[in-house]
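# generate a structure from the sequence data that follows.
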Amino acid sequence: MKDFIVSSAVSLVFLLVLLLSAGRADYMAAWVYFGVSLLTNALRCFILRGQRELSQERLRPGSGAEEWDKRLLGIGFLLTIATLILAGLDAGRFGWTPRQSWIWMAIGTFVTLIGAGLFLWAMAENRFFSAVVRIQRDRSHRVCETGPYRIVRHPGNTGMIIGTLGLPLLFGSAWSTIPTLLAVVLLIVRTRLEDALLERELAGYDAYQRQTRYRLMPGVW
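Numbers count the residues shown, from 1 in each chain. Sure thing, here's the model as predicted:
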């Protein structure tokens, strides 16, 4: 419940950023985004129910988080805020992007939900699915090779990338594509650094790399 309250409070802040940037309360895309966020929060709490250690790791990770990851997460948060502000100013207030059919918002919502679903599937499958990059020696960290991890090595990041790419369509804002693409690049960099760390320090990861060749997208990388 605490996780849901905290994550929903963050979602509420994001909603307010969108509405204030748009200058109006009837910016429908903002409310759809808020609804998707609440649904994702609720499903995450359902997945974490009965998994006390994983829930604690998600809410308050243990020690040993990589410093570079803390910096990347900070930049990612700023890019999220930039995306919301640009979307609100563009689609909600000034109309820099021509008004789009509701179909595009529906497609964006669907893509965002697909990304969230893959992220949640990865979390449900991996009992070491942390909010930060760290080797969880305090929890006897092991490689996860089941579920989506049989297809790519970082399915949670794949889900975040897919969900992020759906946002400009959901918001109806071409200008919000700029920070969105920067966020995708950031996630790719984070994936590369995390993969290298796991290869160096997590037992069995080199064998897993040979078994599951691709990091984010089958046949590509």
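# before we move on, which element is the residue at minimal distance from the centre of the chain in?
With distances taken as C-alpha atoms, centre = their mean, Met160 lies nearest the centre of the chain, 3.5 Å away. According to DSSP states H and E, Met160 maps onto helix 155-165.
# show the subsequent helix or strand relative to that helix.
Using DSSP H and E, the helix or strand that follows helix 155-165 towards the C-terminus is helix 167-171.
# touching, the residue nearest to the centre of the chain and Leu187? I think so.
Yes: with contact defined as C-beta atoms under 8 Å, Met160 reaches Leu187; the gap is 5.8 Å. All C-beta spots, glycine's among them, are computed from the backbone N, C-alpha and C.
# any idea how far Trp96 is from the closest residue to Val133 other than its chain neighbours?
The spatially closest residue to Val133, leaving aside those adjacent along the chain, is Asp69, at 4.0 Å (C-beta to C-beta, 6 or more residues apart in numbering). Going from Asp69 to Trp96 by C-beta to C-beta, to the nearest Å gives 34 Å.
# what does Val6 give?
For Val6 relative to Trp96 (C-beta to C-beta), the value is 34 Å.
# which strands and helices sit next to whatever helix or strand Phe34 lives in?
Using DSSP H and E, Phe34 sits in helix 28-48. For helix 28-48, the packing partners by 3 or more C-beta pairs under 8 Å, 6 or more residues apart in numbering; DSSP states H and E come out as helix 2-22, helix 52-59, helix 102-125, helix 167-171.
# please identify the buried residues of it?
29-30, 32-34, 36-38, 40-41, 43-45, 47-48 (16 or more other C-beta atoms under 10 Å).
# between these, which sits nearest Leu12?
Phe34 (7.5 Å; C-beta to C-beta).
# the closest residue to the closest one other than its chain neighbours and Met28, how far apart?
Spatial nearest neighbour of Phe34, excluding adjacent residues (C-beta to C-beta, 6+ apart): Leu15 at 4.4 Å. Using C-beta to C-beta, one gets 12 Å for the distance from Leu15 to Met28.
# residues contacting the closest residue to Pro61 other than its chain neighbours?
Distances taken as C-beta to C-beta, 6+ apart put Val132 closest to Pro61, at 4.8 Å, once the chain neighbours are dropped. Counting by C-beta atoms under 8 Å, 6 or more residues apart in numbering, Val132 touches 61, 65-66, 69-70, 73.
# which one among these sits at the bottom for pLDDT?
Within the contacts of Val132, pLDDT reaches its minimum at Pro61, with 85.
# stretch 43-53 spans what distance, first to last residue?
Across stretch 43-53, the terminal residues are separated by 17 Å (C-alpha to C-alpha, to the nearest Å).
# where does this protein have low pLDDT?
1 (pLDDT under 70).
# try 90 this time
Along the chain, the parts satisfying pLDDT under 90 run over 1-8, 45-65, 92-93, 99-101, 131, 138-140.
# give me the element Gln133 is part of.
Wrong residue type there; residue 133 is Val, not Gln. With DSSP H and E as the test, Val133 turns up in no helix or strand.
# any idea how far it is from Asn41?
From Val133 over to Asn41 (counting by C-beta to C-beta), the distance is 22 Å.
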